[in-house]
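> Give the three-dimensional model of this entry:
(chains A, B, C and D)
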Number of protein chains: 2
Amino acid sequence: MTDALLRKLGSFCPFNPKDAALLAGITVDHHTVGAHEDIIREGEVPRDVHLITSGFAIRYKNLADGTRQIFAYLLPGDFCDLHVFILDKMDHGIATLSPCSVVDIPRDTILRLTERPAIARALWWATLVDESTLREALVNIGRRRAEERVGHFLCELLVRLEVVGLVSDNRFELPLTQAELADTMGLSTVHINRVLQFLRGQKFITFDRKSLAVLDVDGLKRFSGFDPNYLHLAPYRTKPVMTPS
Amino acid sequence: MTDALLRKLGSFCPFNPKDAALLAGITVDHHTVGAHEDIIREGEVPRDVHLITSGFAIRYKNLADGTRQIFAYLLPGDFCDLHVFILDKMDHGIATLSPCSVVDIPRDTILRLTERPAIARALWWATLVDESTLREALVNIGRRRAEERVGHFLCELLVRLEVVGLVSDNRFELPLTQAELADTMGLSTVHINRVLQFLRGQKFITFDRKSLAVLDVDGLKRFSGFDPNYLHLAPYRTKPVMTPS
DNA sequence: CGACTAGTTGAGTAAGCTCAAAGCCCGTGG
DNA sequence: CCACGGGCTTTGAGCTTACTCAACTAGTCG
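I've put the predicted structure just below:
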């Protein structure tokens, strides 16, 4: 697997060899976290910045009434908590969905990296895209009906995973239960089940054994009102499609 | 009116006189924008950073089906778009709700400001709090019932406006129509109307002629599951209550 | 072969929506 | 000073979406 971080940040702006080497250097020392474990809990004061290099993780918050809301999906190449430097303590938790490779990056390393202007810009860009993605999630939950909502979410994952080379033939691994999908979309698990049946019935997707295939990409995007604008992929970026066909 | 920006950023970390003077300096040159006008439209490439010094503004996005989602409220002391530096173009619009005083800050000025470490940290903090606020909005819409949702929103405004000194006796100006509230909460205007009646009936609030009073602050916070943690107000901060009593 | 987890189905319910009409407030102009 | 108009709020009624509860099925793993 190529380095997801480099692919992702490089999709914003290609790096010169020195910067690329610096970035590649930080991902050497990763360790593994099992599925469904916390990487950081709400209220903790994390010391390092965490970077996912493989697997899926989520940002989430548990509510008093026992429900949960998932805010964001952390895919390979995503930082969990560039916040660390400023905020007192975590206002939400981060947990793995599947087994993950995680790199713990000391603050000092980040500070050293951000002395390189291209890298600093790329990290800044990444956090802005995270924020933009969060806004789109709000639109999604606030203003789209369940079927479009789930469709939109799947379109987003497709695009984001394409960037880091984890899609082939419009198919990707999605280690998600329907209950987790429900906590993401603000719906009940029963309703998620019915929405998935609808999306399958429309021949938009298949989803079986944690593997999701988008059968009709344009159709699903149209149906869901998906416009990838908010992901701010650089316009000059060459589309990193892996479809062999 | 004291300078909202200084109050807000200072609530994170007090500034030394030099930094305070620098920050105060940027707000001298403001101009007025009428109610219900765009400050920046989606798709535009803004040149300056905008700072609200008085009035209410919103971040929003219009959907294809004619609906609208409001993401965030920009209150006095809030920056609209520190994004400017990195992202190609706006992925959402910013509009006034009431007449606003706005300062256009050239990029260079921001760059000069961020050479001062305390100021750079404070701006970084402000954007992180924005992001955290967005996450809470997602929880709110995704997982709370309509009554709690609106209650939570009002609690947030109360706290944020207290920080900048715009609350007295738990009362503040809220230049919002019910339709705008609906676009914020992901509800219909009819339902917002009924929710407001409920909150009035419970003696939690009064809301008349764009003036909102929270009659039972603790009660409303408890009812709505409001925990101000996510606003990351500094722990050592002296509560800037204005209640004369 | 249990036991557990995840997915599926049905039936009844409730939260919130739509449509439509009416009332209220306030500014404007006669 | 009053009539008019427009925007906002309120109300009612019927409908839709999504929820809850409960049971049942299908894999999976020891």
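
> ranges for the strands of chain A?
All strands of chain A, identified by DSSP state E, fall at A:30-33, A:38-40, A:49-54, A:57-62, A:68-74, A:93-96, A:100-105, A:171-173, A:205-208, A:211-214.

> Would you mark the buried spots in the helix ranked longest in chain A?
If you go by DSSP state H, chain A has its longest helix at helix A:117-143. Counting neighbours by 16 or more other C-beta atoms under 10 Å in any protein chain shown, one finds that the buried residues in helix A:117-143 are A:118-119, A:121-143. Any C-beta I mention is one placed from the backbone N, CA and C, and that applies to glycine too.

> With stretch A:168-188 instead?
Buried-residue list, stretch A:168-188, by 16+ other C-beta under 10 Å: A:170-172, A:174, A:176, A:178, A:180-187.

> For A:Arg160, state which of these is nearest.
Nearest to A:Arg160, judged by C-beta to C-beta, of the buried residues of stretch A:168-188 is A:Phe172 at 9.8 Å.

> nearest spatial neighbour of the closest one, skipping sequence neighbours?
Among residues not flanking A:Phe172 along the chain, A:Leu161 sits closest, at 4.9 Å (C-beta to C-beta, 6 or more residues apart in numbering or on different chains).

> Would you check how far apart that neighbour and DNA strand D are?
22 Å (C-beta to the nearest atom of the strand, to the nearest Å).

> That residue is in contact with A:Asn170, isn't it?
No - contact criterion C-beta atoms under 8 Å: A:Leu161 and A:Asn170 do not qualify, at 10.3 Å.

> burial of A:Leu75, as a residue count?
20 (other C-beta atoms under 10 Å in any protein chain shown).

> Might you report the residue contacts of it?
Neighbour list for A:Leu75: A:Ala4, A:Ile52, A:Phe56, A:Leu157, A:Arg160, A:Leu161, A:Val164, A:Leu166 [criterion: C-beta atoms under 8 Å, 6 or more residues apart in numbering or on different chains].

> swap in A:Thr206?
Residues in contact with A:Thr206 (C-beta under 8 Å, 6+ apart) are A:Arg200, A:Leu212, A:Ala213, A:Leu215.

> and the closest residue in space to A:Cys100 that isn't next to it in sequence, backbone torsions?
Nearest residue to A:Cys100 in three dimensions, chain neighbours excluded: A:Gly55, at 3.1 Å (C-beta to C-beta, 6+ apart). Backbone geometry at A:Gly55, expressed as degrees, to the nearest 10, gives phi 100, psi 180.

> Ok, A:Asp78 next?
Phi and psi for A:Asp78, reported as degrees, to the nearest 10, are phi -100, psi 140.

> how many neighbours does it have?
Applying other C-beta under 10 Å, we find 22 residues neighbouring A:Asp78.

> wait, doesn't it sit right on A:Leu51?
Yes - in terms of C-beta under 8 Å, A:Asp78 counts as a neighbour of A:Leu51; the distance is 7.4 Å.

> Can you tell me which of the contacts of A:Thr206 has the most neighbours?
Neighbour-wise, these (other C-beta under 10 Å) top out at A:Leu212, 20 neighbours.

> gap between it and A:Ser54?
Relative to A:Ser54, A:Leu212 is positioned 17 Å away (C-beta to C-beta, to the nearest Å).

> ok so, going back, so which of the strands of chain A is nearest B:Asn193?
Of all those, strand A:68-74 sits nearest to B:Asn193, with 26.4 Å by C-beta to C-beta.

> can you give me the angle the closest one makes with strand A:57-62?
Between strand A:68-74 and strand A:57-62, the angle comes out at 160 degrees (axes from the mean of the first three to the mean of the last three C-alpha atoms, to 10 degrees).

> Below-threshold pLDDT in chain A: ranges please.
Applying pLDDT under 70 to chain A flags residues A:1-2, A:234-245.

> Spell out which parts of it neighbour DNA strand C.
Proximity of chain A to DNA strand C (C-beta under 7 Å from any atom of the strand) is limited to residues A:Thr177, A:Gln178, A:Ala179, A:Thr189, A:Val190, A:Asn193, A:Arg194, A:Leu196, A:Gln197.

> Which members of those occur in helices, if any?
A:Gln178, A:Ala179, A:Thr189, A:Val190, A:Asn193, A:Arg194, A:Leu196, A:Gln197.

> for DNA strand D, what are the nearby residues on chain A?
A:Arg145, A:Ala146, A:Glu147, A:Gly186, A:Leu187, A:Ser188, A:Val190, A:His191, A:Arg209.

> Chain B: which of the residues you listed is nearest?
The nearest member of the residues of chain A next to DNA strand D to chain B, counting by C-beta to the nearest C-beta, is A:Gly186 at 3.3 Å.

> Name the nearest residue to A:Val214, sequence neighbours excluded.
Leaving aside its sequence neighbours, A:Val214 sits nearest to A:Asn170 (C-beta to C-beta, 6+ apart; 4.6 Å).

> where's that neighbour relative to B:Val164, distance?
49 Å.

> show me the residues around the nearest residue to A:Ala64 once chain neighbours are set aside that make contact.
Nearest residue to A:Ala64 in three dimensions, chain neighbours excluded: B:Gly225, at 5.6 Å (C-beta to C-beta, 6+ apart). Neighbouring residues of B:Gly225 by C-beta under 8 Å, 6+ apart: A:Leu63, A:Ala64, A:Asp65, B:Arg144, B:Glu148, B:His152.

> Out of those, who's the most crowded?
Using other C-beta under 10 Å as the neighbour criterion, B:His152 leads those with 24 neighbours.

> what's the nearest residue to that residue if we skip its chain neighbours?
Using C-beta to C-beta, 6+ apart and skipping the chain neighbours, the partner closest in space to B:His152 is B:Ser224 (4.0 Å).

> Check whether that neighbour really touches B:Gly151, as I assumed.
Yes - with contact defined as C-beta under 8 Å, B:Ser224 reaches B:Gly151; the gap is 3.4 Å.

> Between these two, point out the one with more neighbours.
Higher neighbour count among B:Ser224 and B:Gly151: B:Gly151, with 28 against 22, using other C-beta under 10 Å.

> Can you name the residue of chain A nearest to DNA strand D?
Using C-beta to the nearest atom of the strand, the single residue of chain A nearest to DNA strand D is A:His191, 2.9 Å away.

> and that residue, how many neighbours?
By other C-beta under 10 Å, the residues close to A:His191 number 14.

> tell me the contacts of it?
Applying C-beta under 8 Å, 6+ apart to A:His191 gives the contacts A:Ala146, A:Ala182.

> one step back: quick check: the residue nearest to A:Val214 vs A:Gly225, distance?
For A:Asn170, the distance to A:Gly225 equals 19 Å [C-beta to C-beta].

> quick one, what contacts A:Ala118?
Residues in contact with A:Ala118 (C-beta under 8 Å, 6+ apart) are A:Cys13, A:Phe15, A:Asn16, A:Asp19.

> Inside helices: which ones of those residues?
Counting by DSSP H, those place A:Asp19 in helices.
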